[in-house]
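Visitor: please work out how this folds:
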Amino acid sequence: MSWQELERLVNDVESDGVIRRAMKCCRSQHEFVLAARRLGYRITRVDLQLAFEEEQRELRMAADQLAADQLLCGDG
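Guide: Numbering: from 1, shown residues only. Modelled structure (predicted):
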């Protein structure tokens, strides 16, 4: 997996307006991957899917932790 490439792309999108505009126009994962490749990033659809799944796991863990904290504090 090209996780480093995906991280590099995210950092560049956050810091470079030209790259941000190029990627913002994408309407699908396929378009996103093609645009990234045209810009020189070696990412795949699988990289995007794995990143999405990781983000979802992190969000669930954060929500679970918040719920547990609320129960312990008597807020839930």
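Visitor: now the helix of greatest length in the chain: buried residues?
Guide: Using DSSP state H, we find that the single longest helix of the chain is helix 45-73. Buried residues in helix 45-73, counted by 16 or more other C-beta atoms under 10 Å: D47, L48, A51. Any C-beta I mention is one placed from the backbone N, CA and C, and that applies to glycine too.
Visitor: next: stretch 13-26.
Guide: V13, I19, M23.
Visitor: distance from that stretch to the middle of the chain?
Guide: Offset of stretch 13-26 from its chain centre (C-alpha atoms, centre = their mean, to the nearest Å): 14 Å.
Visitor: ok, now stretch 31-49?
Guide: Centre to centre, stretch against its chain (C-alpha atoms, centre = their mean), the figure for stretch 31-49 is 12 Å.
Visitor: now do stretch 48-60
Guide: 8 Å.
Visitor: likewise stretch 21-35?
Guide: Worked out by C-alpha atoms, centre = their mean, stretch 21-35 lies 13 Å from the chain centre.
Visitor: ok, residues contacting it?
Guide: Residues outside stretch 21-35 that contact it (C-beta atoms under 8 Å, 6 or more residues apart in numbering) are L9, V13, A36, L39, I43, T44, R45, L48, Q49.
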